[in-house]
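Colleague: I'll drop the sequence and a predicted model, then ask my questions.
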Amino acid sequence: MTEKLSQDARETELPALIEAGWVLDAERDAISKTFKFKNFIEAFGFMTRAAIWAEKWVHHPEWFNVYNRVEVRLTTHDVGGLSPLDMKLARKMDALAG
Ligand SMILES: C[C@H](O)[C@H](O)[C@H]1CNC2=NC(N)=NC(=O)C2=N1
């Protein structure tokens, strides 16, 4: 069962993600980031690898791809805002993107 991100986690985990380029949408309680790659194959490879983790964790990104760009938004629909799963998936995506 997923829970909303605690105040403590907001203060300890969000700043590092914002430092890494994630942007907080306070109204939607979501984070977003645009990843850029060399070409479409690199972008799609990133999406494929991220999709495997998303499926494993049963937590799926909202995303939009054009050529070498992947716009990602993470939020947890089940709780109506950010949850620890969004932090985990954001960190994984940063690692996958290199
Ligand atoms: C039933 C299923 O586990 C839920 O609908 C999962 C699927 N993937 C999900 N992904 C995201 N981003 N938020 C959710 O609340 C969510 N819920």
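Modeller: Sure, I can see it.

Colleague: going forward, measure contacts between C-alpha atoms and count neighbours the same way
Modeller: Noted.

Colleague: need the residues of the chain near the ligand, please.
Modeller: V58, H59, H60, P61, T75, T76, H77, D78 (C-alpha under 6 Å from any ligand atom).

Colleague: Quick one: the helices in the protein, in order.
Modeller: Applying DSSP state H to the chain gives helices spanning 7-12, 14-19, 40-56, 84-97.

Colleague: From the contact counts, what lies against the last one?
Modeller: For helix 84-97, the contact count by 3 or more C-alpha pairs under 8 Å, 6 or more residues apart in numbering; DSSP states H and E identifies helix 14-19, helix 40-56 as packing neighbours.

Colleague: Can you add mean neighbour count, distance to S32 and mean pLDDT and give the ones you listed back as CSV?
Modeller: Supplementary listing: the helices and strands packed on helix 84-97 in CSV, determined by neighbours: other C-alpha atoms under 10 Å; distance: least, C-alpha to C-alpha, whole Å; pLDDT from 0 to 100:
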stretch, mean neighbour count, distance to S32, mean pLDDT
helix 14-19, 14, 10, 97
helix 40-56, 16, 15, 98
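
Colleague: Out of the helices of the chain, which gets nearest to M1?
Modeller: Of all the helices of the chain, it is helix 84-97 that lies closest to M1, at 10.8 Å by C-alpha to C-alpha.

Colleague: just how off-centre is the closest one within its chain?
Modeller: Using C-alpha atoms, centre = their mean, to the nearest Å, the mean C-alpha position of helix 84-97 is found 6 Å from that of the whole chain.

Colleague: would you put the C-alpha positions of it in PDB?
Modeller: Provided in PDB are the C-alpha atoms of helix 84-97 (Å, rounded to 0.1, in the frame of the first residue of the first chain):
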ATOM      1  CA  PRO A  84       8.100   7.300  -2.000                       C
ATOM      2  CA  LEU A  85       7.700   5.400  -5.300                       C
ATOM      3  CA  ASP A  86       8.100   8.600  -7.200                       C
ATOM      4  CA  MET A  87      11.400   9.300  -5.400                       C
ATOM      5  CA  LYS A  88      12.600   5.800  -6.200                       C
ATOM      6  CA  LEU A  89      11.600   5.900  -9.800                       C
ATOM      7  CA  ALA A  90      13.100   9.400 -10.300                       C
ATOM      8  CA  ARG A  91      16.400   8.300  -8.900                       C
ATOM      9  CA  LYS A  92      16.400   5.200 -11.000                       C
ATOM     10  CA  MET A  93      15.700   7.200 -14.200                       C
ATOM     11  CA  ASP A  94      18.600   9.500 -13.300                       C
ATOM     12  CA  ALA A  95      20.800   6.500 -13.000                       C
ATOM     13  CA  LEU A  96      19.600   5.000 -16.200                       C
ATOM     14  CA  ALA A  97      20.100   8.200 -18.100                       C
END
